[in-house]
Every structure is written in structure tokens, then in C-alpha cells.
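Enquirer: please find the sequence and the predicted model below.
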Amino acid sequence: QVQLIESGGGLVQAGGSLRLSCAASGRTFSNYVMGWFRQAPGKEREFVVATKWSGGSTYYADSVKGRFTISRDNIKNTVSLQMNSLKPEDTAVYYCAAAQGTVVLRTRARDYDYWGQGTQVTVSS
């Protein structure tokens, strides 16, 4: 069973930083694409970033490019999202997701097979 467990959310002032982590277990993820999505109240789930677990390719949404950075720790089996220069519009529940058997970076939520439970990020103005 694939499990994705997010942590690291919280409340931060605009301009601040947070680091989210996603602990992945249950499979070998070498042929997976890992993604982060977010969902604000009343809005659809929104793509944030995707990366190949094996490395080499990463794709960011324009809204976070230059502020957010995704990284992997293959020993700890974690994917992290460093979020800097946070804005109130970044407020959302952030989800870690995994798409199996692909090397193509996916930006649609429906292309992902496994999801974490989400972690709340709130940015105050």
C-alpha cells in the first residue's frame, strides 16, 4: 500500500517561509512522478510542482516559480517543498501526490494515483 504523509504546514506571515515534507512508503518510487497540489476553499485543486523521483526534470506552476523549490531525499524517501516569499494567495491545503509508471511530468490532478491527507498552509497579510 502506497502511503503519502505530509507535514510542515502552519501559519506564517506574508513574506515568510515554510517547508513541507511528504514521507512516501509502500513502493519503490524510482519510476514515479511526485507532485504537489493545493486547494483553497471554494476552488479547484491546483497544480504546484511536479518532479521525477529519479531526478532530472521538474516543472513549476508560474504562480510559484522562483519562490518554491521541490527536493527529494532518496534515502529517507521524502519529497519536500520549500516555500519562500509566501503570499496570502498561497493559503490552501497542500497535497502530496504520486503518479506511477510514468516519466512524464503530470500537471492534472486526475493523472495522479496516490494522495496524502493534506496539510494546511495559512499566510496572513
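Expert: Looks like it came in fine. Keep in mind that this is a model prediction, so the values were computed, not measured.
Enquirer: which residue is nearest the middle of the chain?
Expert: Centroid-nearest residue in the chain, with CA atoms, centre = their mean: W36, separated by 2.2 Å.
Enquirer: leaving out chain neighbours, which residue sits closest to that residue?
Expert: V48 (4.3 Å; CB to CB, 6 or more residues apart in numbering). Bear in mind the C-beta positions are built from the backbone N, C-alpha and C, glycine included.
Enquirer: spit out the contact partners of that neighbour.
Expert: By CB atoms under 8 Å, 6 or more residues apart in numbering, V48 lies in contact with G35, W36, F37, R38, Y60, A61, V64, F68, L81, Y94.
Enquirer: the second one: helix or strand, and which one exactly?
Expert: It stands for W36. strand 33-39 (DSSP states H and E).
Enquirer: can you list the residue ranges for strands in this protein?
Expert: 3-7, 10-13, 18-25, 33-39, 46-52, 58-60, 68-73, 78-83, 92-99, 114-115, 119-124 (DSSP state E).
Enquirer: strand partners (parallel or antiparallel) of the third one?
Expert: Paired neighbours of strand 18-25 in the sheet (DSSP bridges): strand 3-7 (antiparallel), strand 78-83 (antiparallel).
Enquirer: now for these, which one comes closest to D113?
Expert: D113 sits nearest to strand 3-7 of all these, at 10.4 Å, using CB to CB.
Enquirer: contacting residues around that closest one?
Expert: Contacts for strand 3-7 (CB under 8 Å, 6+ apart): 20-26, 94-98, 114-119.
Enquirer: swap in stretch 21-29?
Expert: 1-8, 34, 36, 53, 76-81, 96, 98, 100, 116.
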